[in-house]
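Chemist: Fold the following.
(one chain, ligands or ions: 4)
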Amino acid sequence: MASSAGAAKKARTPKSATKLHAAAGQQEEEDTSMTFSMELRALECPVCLIPFESEVYMCKNGHGACAGCCIRTNRKCSGCGDGEPIGDIRNRQLETLLEAMITTCKFARYGCGEAVKYTDKRGHEETCAHAPCECTFDGCGFRDLDLYDHVRGKHEVSAVVINGWDTATTVTLRKGAPFLALVDPDSGRVFVLRNGGD
Ligand SMILES: [Zn+2]
Ligand SMILES: [Zn+2]
Ligand SMILES: [Zn+2]
Ligand SMILES: [Zn+2]
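Modeler: Ligands and ions are numbered 1, 2, ... in the order given. This is a model prediction of the structure:
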């Protein structure tokens, strides 16, 4: 009996996963996760094409929509020709799957080592400390982490050096200039003062 139960358990482990983990030198019996590559459109709301992040709804025929789209379409399914109602039935299985998915931050190549939940990915990336900074000078195109060194090296004549954030500094922003870049050698930061116009 014990051996047949063991065989049944083993048969449920897909071959590809076994290979992956064997290659990584992990123990086969302890597998609780698997690595996939997936086309991201499978995880998008089919109506607005924005990734599903929380509630997922479906009509009785199984078409999906996010909460926002249920409201925008007056709770009529866009996938059904006769506009079946949508907005009452949750697709819990897909919600559970999304909750369990772990991925990397898109700034991994800039040094972010965080493993983020798929559903938290966009929120994390908006505030990720490893997000590269874009240079505001026209036509420059610089996009990386060390903006301070870049501005001091490439735009020295246009940048104003200030003496720390706690010291008052008088700067002049010309009327036609779109912004003024301030650099602070103490903190190694760049501060962009945008010109609101008039
Ligand atoms: Zn949507
Ligand atoms: Zn439908
Ligand atoms: Zn990050
Ligand atoms: Zn630049």
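Chemist: Please list all residues in contact with Cys80.
Modeler: Applying Cβ atoms under 8 Å, 6 or more residues apart in numbering to Cys80 gives the contacts 59, 61, 63. Quick note: C-beta positions are derived from backbone N, CA and C, even for glycine.
Chemist: end to end, how far does stretch 90-105 reach?
Modeler: Terminal residues of stretch 90-105 lie 28 Å apart, using Cα to Cα, to the nearest Å.
Chemist: Also stretch 80-87?
Modeler: 14 Å.
Chemist: Tell me the buried residues in that stretch?
Modeler: 84, 86-87 (16 or more other Cβ atoms under 10 Å).
Chemist: now these in a markdown table, with secondary structure?
Modeler: Shown next, in a markdown table, are those (DSSP: H, G, I helix; E, B strand; the rest coil):
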| residue | secondary structure |
| --- | --- |
| Glu84 | coil |
| Ile86 | coil |
| Gly87 | coil |
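Chemist: Kindly report the residues of the chain close to ligand 3.
Modeler: Proximity of the chain to ligand 3 (Cβ under 5 Å from the ion) is limited to residues 105, 107, 112, 114, 128.
Chemist: go again using 6 Å as the cut-off
Modeler: Counting by Cβ under 6 Å from the ion, the positions of the chain adjacent to ligand 3 are 105, 107, 112, 114, 124, 128, 130.
Chemist: give me the number of residues near the fourth one?
Modeler: Pointing back at Glu114 there. Residues lying near Glu114 (other Cβ atoms under 10 Å) number 16.
Chemist: Was I right to think it contacts Lys121?
Modeler: No. Assessed by Cβ atoms under 8 Å, Glu114 is found out of contact with Lys121, at 9.9 Å.
Chemist: Common neighbours of these two, please.
Modeler: Cys105.
Chemist: Strands along the protein, start to end?
Modeler: Remark: strands assigned in the chain by DSSP state E are 56-58, 64-66, 89-90, 102-104, 115-117, 133-134, 143-144, 160-161, 179-184, 189-194.
Chemist: What mean pLDDT does the third one get?
Modeler: This points to strand 89-90. Strand 89-90 carries an average pLDDT of 97.
Chemist: So is it next to ligand 2?
Modeler: No. Strand 89-90 does not reach ligand 2 (Cβ under 6 Å from the ion); its nearest approach is 10.5 Å.
Chemist: how far out from the middle of the chain is that strand?
Modeler: Remark: strand 89-90 is offset 26 Å from the chain centroid, using Cα atoms, centre = their mean, to the nearest Å.
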